[in-house]
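K.L.:
build me a model:
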Amino acid sequence: MAIALGQYSQIGQSLQGYLPILVRVANYGRALEKDPTLHLVDYICQELTSDFGSVLKQELEYGQCLVLLDGLDEVAEVSQRQRVADRLEDMVAAYGKNRFLITSRPIGYQSAQLSGDFQHVTLRSMSKTEREQFVYLWHKEIRKRGLEKQRSWVGLKNLRLSQNLSTLNPV
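P.N.:
Here you go, the predicted structure:
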């Protein structure tokens, strides 16, 4: 979001000018199940947008994209998760001038690790106050977007008390 809004003070100037592309990895995993020949770049260019696929591909070829691949752990079956991880590595190898950020909770990542030259980082745990603020702001945003009617939610008290928010994914 900071990139789209041009707020580089939070993320650094090195990403200025990059086109952010958000890919929900679980969605790609489901598409790959239906079509085992589907390359990730084709999924991005065809499935994520019907109007700008050629522009996205051109930007990827120029190396001007920040590709955010969110939720590798959300591909439920381990063998499929490994196939998806292999496809992620293929795309990074083919479009290596771009920047890539691949997210996963540790529990899901352990069974389908990336083997390429990736820098691994782990986010620090949140304090109780930070967890409470996160849950409050999360629910405030859900209400603002009108999503509370579309989802069933874990009780706010349980979320607030949870020590490990990385295992929760209410959206």
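
K.L.:
tell me the spacing between residue 112 and residue 131.
P.N.:
28 Å (C-beta to C-beta, to the nearest Å). For every residue, glycine as well, the C-beta is placed using N, CA and C.

K.L.:
show me the domain layout of the protein.
P.N.:
Per automatic domain parsing, the domain ranges recorded for the chain read 2-109, 128-167.

K.L.:
and the longest one, how far out from the chain middle?
P.N.:
Read that as domain 2-109. 8 Å (C-alpha atoms, centre = their mean, to the nearest Å).

K.L.:
leaving out chain neighbours, which residue sits closest to the spatially most central residue of the chain?
P.N.:
Most central in the chain under C-alpha atoms, centre = their mean is residue 70, positioned 1.3 Å from the mean C-alpha point. Among residues not flanking residue 70 along the chain, residue 103 sits closest, at 5.0 Å (C-beta to C-beta, 6 or more residues apart in numbering).

K.L.:
so what's that neighbour up against?
P.N.:
68, 69, 70, 71, 72 (C-beta atoms under 8 Å, 6 or more residues apart in numbering).

K.L.:
need the per-residue pLDDT for it.
P.N.:
Looking at residue 103, its pLDDT is 91.

K.L.:
hmm, back to that, could you list which of the contacts of residue 103 belong to strands?
P.N.:
68, 69, 70 (DSSP state E).

K.L.:
make a markdown table from those and add distance to residue 94 and pLDDT to it.
P.N.:
Below are the ones in strands among the contacts of residue 103 laid out as a markdown table (distance: C-beta to C-beta, whole Å; pLDDT from 0 to 100):
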| residue | distance to residue 94 | pLDDT |
| --- | --- | --- |
| 68 | 17 | 94 |
| 69 | 14 | 94 |
| 70 | 20 | 94 |
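
K.L.:
where do the helices sit along the chain?
P.N.:
Assigned by DSSP state H, the helices in the chain fall at 2-5, 25-34, 40-42, 53-62, 78-94, 106-109, 128-145, 156-161.

K.L.:
how about CSV for those helices, with mean neighbour count added?
P.N.:
Shown next, in CSV, are the helices of the chain (neighbours: other C-beta atoms under 10 Å):
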stretch, mean neighbour count
helix 2-5, 12
helix 25-34, 17
helix 40-42, 19
helix 53-62, 15
helix 78-94, 17
helix 106-109, 14
helix 128-145, 13
helix 156-161, 13
